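test case, fold it:
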Amino acid sequence: MKIEIDIDCTPAEARVFLGLPDVGSLQQALLEQIQERMTASLAGMDPETLFKAWLPAGLQGWEQMQKAFWKNVPGTSGGKAGGQT
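Coordinates of the predicted model:
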C-alpha cells in the first residue's frame with residue numbers, strides 16, 4: 001500500500017505550522033555584523049600583508065620544494081647526469 005500526501009505551502013507557512021521560530025531577522029543581523037567586521041579588518045591591509053597572513057611561511061616552503069625537485073632532475077646542476085640514480 002502506498003500513501004502519498006502533497007502539501008502546498010511556503011516555507012514560512014510550514015515553519016508556523018510546525019511551531020518553529022522565525023530566525024530570519026537574527027540571521028540577517030549576524031550576517032551584517034560579520035560583514036562589518038570583515039570590512040573593517042580588510043580596510044587597513046595591503047596585498048602584501050594579506051599574502052603574509054594567508055601564507056605564514058611565505059615562499060620558503062615553495063623554495064624548498066623547488067630545490068628538492070631540481071636536485072633530482074637529470075641535466076641540471078643539482079641533478080645527476082646521464083640518468084644515473
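
can you check which helix is longest in this protein?
helix 24-43 (DSSP state H).

just checking, what packs against that one?
Secondary-structure packing of helix 24-43 (3 or more C-beta pairs under 8 Å, 6 or more residues apart in numbering; DSSP states H and E): no helix or strand packs against it. For glycine as for every other residue, the C-beta is placed from the backbone atoms N, C-alpha and C.

right, and the helix or strand after the host helix or strand of residue 52?
Assessed by DSSP states H and E, residue 52 sits inside helix 47-54. With elements assigned by DSSP H and E, the helix or strand that comes after helix 47-54 is helix 60-71.

for the helix holding residue 52, give the mean pLDDT please.
The pLDDT scores in helix 47-54 average 72.

got the angle between that helix and helix 24-43?
Put simply, helix 47-54 runs at 120 degrees to helix 24-43, going by axes from the mean of the first three to the mean of the last three C-alpha atoms, to 10 degrees.

so what touches the longest helix of the chain?
residue 50 (C-beta atoms under 8 Å, 6 or more residues apart in numbering).

what of stretch 5-15?
Against stretch 5-15 from outside (C-beta under 8 Å, 6+ apart): 17, 21, 22.

what residue ranges in the protein score low on pLDDT?
56-60, 76-85 (pLDDT under 70).

which residue ranges make up each domain of it?
For the chain, automatic domain parsing gives the domain ranges 9-44, 46-77.
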